[in-house]
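A.B. asks: Just need the structure, nothing else, for what follows:
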Amino acid sequence: MRVAIASRIFEPEPAAASFRLAALARELSAAGHEVTVLTVRPPAALAAAEDDARGGGAAGGGARGGARGGGARPYRVARAPVLRDRSGYVRGYLPYLSFDLPLFFRILCGPRRDLIVVEPPPTTGFFVRIAAALRRTPYAYYAADIWADAAAQTGAPGLVVGVLRRVERFALRGARAVLSVSEGVTARLAELGIGPDLGAGSRVETVGNGIDVAAFAAGLRGSEEPGGPESPRGAEDPGRAAEPGRAEEPGRAEEPGRAEEPGRAVDPSPARSSAAQPPTFVYAGTASEWHGAEVFVRAMPEVLRAEPAARLRFIGGGSERGALESLAVELDVGRAVSFEPVLPPDRIAPVLRAASAAVASVRPGTGYDFAFPTKLYSAAACGAPLIYAGPGPAVAFMAEEVDGRPVGVACPLDPVAVARAMIEAAEDPASPARRARVAEWAGERVGLDRVAARIRAILEALVPR
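C.D. replies: Numbering: from 1, shown residues only. Just a heads-up that it's a prediction; the model follows:
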C-alpha cells in the first residue's frame, strides 16, 4: 500500500502531532507499506537536527533520512517551504494556507497513492479532500481535537468560527475514516453529527493517544554521561536548558537496539537529589487559551512564601506566552518564572526527571473538558511527579496508582489549590526510586507503538490489497 501522510508539522519539531505521525510512519513502513510524509521544512533552529536525522545533507529536500536521532528512516520525507509566525510556528491562516495550497498541487500532480492520512488544521483537510477526490484516493482524518471549538474560545468572531466549523465538517465528512484520539473527542464529534458511522463506508475510530517513549528514554540515557544535561550545573540553572548550541551530540539520542523496542520503559536513571536544586516546577508544552496555564503563575506568590527558592519553568510556546510573561511581572514573581524555547524530547527528559513536579492544566467550560494534555504522558514517562489542574480524563489518570500511590495530584483550576499542591510536592520530593518506578509504569502504558499498530490495522482494512 502506498500511503502519504500530510501534515504541517513533523519531526524534528517536538509536538504531539509529530510524535504520533512519526510512530505511524514507522509502523506502516515496518509492515511493508511505502510511506511518504508531505510536510514542511523545519525552522532554522532545528534544521541541524533534521540534517543529522537524515544522515547529512540539506534539511529541506525530499530525501529519505533518519529517525529518533540516528539511523535511516524507513520512509520518505518530502519537505516544502512554509510561512511561520514570529514565534517560529506554522500557526495562523496565512501560514496554514502557505502549506495547504502547495499541498493541494503536491497531491494532485504527484505520484498516485492508495491512501492519504491528513493531520489538522481543517484547512488542510479541506484541500486534501478536494485533491484526493480528483485523484480518486481515499483519505483518513486524524482528529486530535475540534478546531472550531478552540477558535470559539479564543474570542474569534462568530463568522470566522462558523466558516471554520463548515470547513472542519467538510474535511471530516469526506474521510473514509476519522481517527479520534480519545473517547471525549469521539463524543464531541457525535454531538456535531460526525459518526460513529458516517455512512458510505466511513467511520469514526477511537485509536487513543500517547508519546514516543523511546525519544524521552534516549535523553535520560544521555543524562547519565559525564557533563550530560542532568549534571548539577545544568539542572540548577533555569535558563541553561534553553541555551543555543547545546543540542546532543550526533547519534547520542539513539542507542542501537534499544529505542526501537515497542513499549520500552524510560531507562530509570537516578535523578539528582531534590536537595541539590531549588524546588522546580516545569510546564513543558503549548500554553494556549484553553489550557489556563496562568493558574500556575497566579499560584507562585503563595508558593514563594513557603518556598522562597522555588522556580516555575515554561518550556515551549503557545498563544498565551506573552500574557503569562506580563502576569508574572504584574504579580512580582518574574524572577521565579522563566520562559524558554521548546526543547526536543531528549533534552526535556532530564529536566522533567529532576523536576519537583511537572504541571499541566485545562480550563473548564471552554468546550475542551474532554481534552487530555499529552504533556502529562511525557512527564510520567520521565518519572516526574504530576500536578494537574482542571477537568476531564486527566483527573482519572492522576488517580492511577504505582506501588499503591497515585502518580499525581488533581485539583481545581484555582490558584490556592494549585499552590497547595506545589508546596506539598516541594516539601515531600519523590525519591529516585519512585521516579524510576513511575517511568517504568508509564513506559508500558503511554507509548505510541500500540496506537500506531491499531491505526495500521484500520488503514489496511480501508484499502483492499
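A.B. asks: Val35 bridge partners, please.
C.D. replies: Val3 (DSSP bridges).
A.B. asks: Model confidence score at it, please.
C.D. replies: The model reports Val35 with a pLDDT of 98.
A.B. asks: neighbours of the closest residue in space to Pro138 that isn't next to it in sequence, just the number please.
C.D. replies: Nearest in space to Pro138, with sequence neighbours left out and distances taken as Cβ to Cβ, 6 or more residues apart in numbering, is Arg176 at 4.0 Å. (Each C-beta comes from the backbone N, C-alpha and C, glycine too.) Using other Cβ atoms under 10 Å, Arg176 has 22 other residues around it.
A.B. asks: Let me know whether Arg176 touches Ala133 as I believe.
C.D. replies: No: judged on Cβ atoms under 8 Å, Arg176 makes no contact with Ala133 at a distance of 11.6 Å.
A.B. asks: Relative to Gly408, how far out is the nearest residue to Pro406 once chain neighbours are set aside?
C.D. replies: Closest residue in space to Pro406, ignoring its immediate chain neighbours: Ala399 at 5.3 Å, by Cβ to Cβ, 6+ apart. Here Ala399 is placed at a distance of 8 Å from Gly408 (Cβ to Cβ, to the nearest Å).
A.B. asks: which secondary structure element contains Arg454?
C.D. replies: helix 449-462 (DSSP states H and E).
A.B. asks: Next, give phi and psi for the closest residue to Val416 other than its chain neighbours.
C.D. replies: Counting by Cβ to Cβ, 6+ apart, Val416 lies nearest to Glu302, which is 7.1 Å off, once chain neighbours are set aside. For Glu302, the backbone dihedrals are phi -70, psi -40 (criterion: degrees, to the nearest 10).
A.B. asks: Equivalent analysis for the one 10 residues further on, please.
C.D. replies: Main-chain dihedrals, Leu312, degrees, to the nearest 10: phi -120, psi 120.
A.B. asks: Can you give me the pLDDT of it?
C.D. replies: On the pLDDT scale, Leu312 is placed at 99.
A.B. asks: what residues are up against it?
C.D. replies: Listed by Cβ atoms under 8 Å, 6 or more residues apart in numbering, the contact set of Leu312 reads 280-281, 283, 296-297, 300, 303, 333, 336-338, 359.
A.B. asks: List the ones among the residues you listed that fall in strands.
C.D. replies: 280-281, 283, 337-338, 359 (DSSP state E).
A.B. asks: who wins for neighbours among those residues?
C.D. replies: Val359 (33 neighbours).
A.B. asks: Okay, now the unreliable bits of the stretch 201-350 of the chain?
C.D. replies: 201-202, 222-276 (pLDDT under 70).
A.B. asks: All the strands of it, residue numbers only.
C.D. replies: 202-206, 280-284, 311-315, 337-340 (DSSP state E, counting those that start in this stretch).
A.B. asks: give the contact list for the nearest residue to Arg129 once chain neighbours are set aside.
C.D. replies: Leaving aside its sequence neighbours, Arg129 sits nearest to Gly174 (Cβ to Cβ, 6+ apart; 3.9 Å). Going by Cβ under 8 Å, 6+ apart, Gly174 touches 125, 129, 132-133, 139, 141.
A.B. asks: coming back round to it: compare the strands of the stretch 201-350 of the chain and report which one is nearest to Leu448.
C.D. replies: Of all the strands of the stretch 201-350 of the chain, strand 202-206 sits nearest to Leu448, with 15.1 Å by Cβ to Cβ.
A.B. asks: Contacts made by the closest one with the rest, please.
C.D. replies: 143, 173, 175-183, 185-186, 189-190, 194-198, 455, 458.
A.B. asks: From the residues you listed, list just the buried residues.
C.D. replies: Burial by neighbour count, 16 or more other Cβ atoms under 10 Å: within those this picks out 143, 173, 175-182, 185-186, 189, 194-195, 198, 455.
A.B. asks: Looking at these, which are in strands?
C.D. replies: Among those, the ones falling in strands (DSSP E) are 143, 177-180, 198.
A.B. asks: related to what we said a few turns ago, using PDB, write out every CA atom in the helix holding Arg454.
C.D. replies: Presented in PDB, the C-alpha positions along helix 449-462 are these (Å, rounded to 0.1, in the frame of the first residue of the first chain):
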ATOM      1  CA  ASP A 449       3.600   1.900  19.300                       C
ATOM      2  CA  ARG A 450       0.200   0.300  20.200                       C
ATOM      3  CA  VAL A 451      -1.700   3.300  18.900                       C
ATOM      4  CA  ALA A 452       0.200   3.100  15.600                       C
ATOM      5  CA  ALA A 453      -0.400  -0.600  15.300                       C
ATOM      6  CA  ARG A 454      -4.100   0.000  15.900                       C
ATOM      7  CA  ILE A 455      -4.200   2.600  13.200                       C
ATOM      8  CA  ARG A 456      -2.300   0.500  10.700                       C
ATOM      9  CA  ALA A 457      -4.900  -2.200  11.000                       C
ATOM     10  CA  ILE A 458      -7.700   0.300  10.400                       C
ATOM     11  CA  LEU A 459      -6.000   1.800   7.400                       C
ATOM     12  CA  GLU A 460      -5.200  -1.700   5.900                       C
ATOM     13  CA  ALA A 461      -8.900  -2.500   6.100                       C
ATOM     14  CA  LEU A 462      -9.800   0.600   4.100                       C
END
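A.B. asks: quick one: that helix to chain centroid distance?
C.D. replies: The chain centre lies 20 Å from the centre of helix 449-462; the measure is Cα atoms, centre = their mean, to the nearest Å.
A.B. asks: Show me which residues of it are buried.
C.D. replies: For helix 449-462, by 16+ other Cβ under 10 Å, it's 449-456, 459-460, 462.
A.B. asks: continuing past the strand ranked longest in the chain, what's the next helix or strand?
C.D. replies: Longest strand in the chain by number of residues (criterion: DSSP E): strand 70-80. Per DSSP H and E, the first helix or strand lying C-terminal to strand 70-80 is helix 93-109.
A.B. asks: Any buried residues in that next one, and which?
C.D. replies: For helix 93-109, by 16+ other Cβ under 10 Å, it's 95-100, 102-104, 106-107.
A.B. asks: Can I get stretch 116-136 in CSV, CA atoms only?
C.D. replies: C-alpha atoms of stretch 116-136 as CSV (Å, rounded to 0.1, in the frame of the first residue of the first chain):
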residue,chain,number,x,y,z
ILE,A,116,-3.7,9.7,2.4
VAL,A,117,-3.6,10.4,6.2
VAL,A,118,-4.2,14.0,6.9
GLU,A,119,-3.4,15.9,10.1
PRO,A,120,-5.4,19.1,11.0
PRO,A,121,-5.9,22.0,10.7
PRO,A,122,-9.3,21.7,8.9
THR,A,123,-8.0,23.9,6.1
THR,A,124,-5.5,21.1,5.3
GLY,A,125,-8.3,18.6,5.4
PHE,A,126,-10.4,20.8,3.1
PHE,A,127,-7.7,20.9,0.3
VAL,A,128,-6.9,17.2,0.8
ARG,A,129,-10.5,16.2,0.3
ILE,A,130,-10.7,18.1,-3.0
ALA,A,131,-7.3,16.9,-4.3
ALA,A,132,-8.0,13.3,-3.1
ALA,A,133,-11.4,13.3,-4.9
LEU,A,134,-9.8,14.4,-8.1
ARG,A,135,-7.2,11.6,-7.8
ARG,A,136,-9.9,9.2,-6.6
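A.B. asks: pLDDT averaged over it, what's the number?
C.D. replies: Average pLDDT, stretch 116-136: 97.
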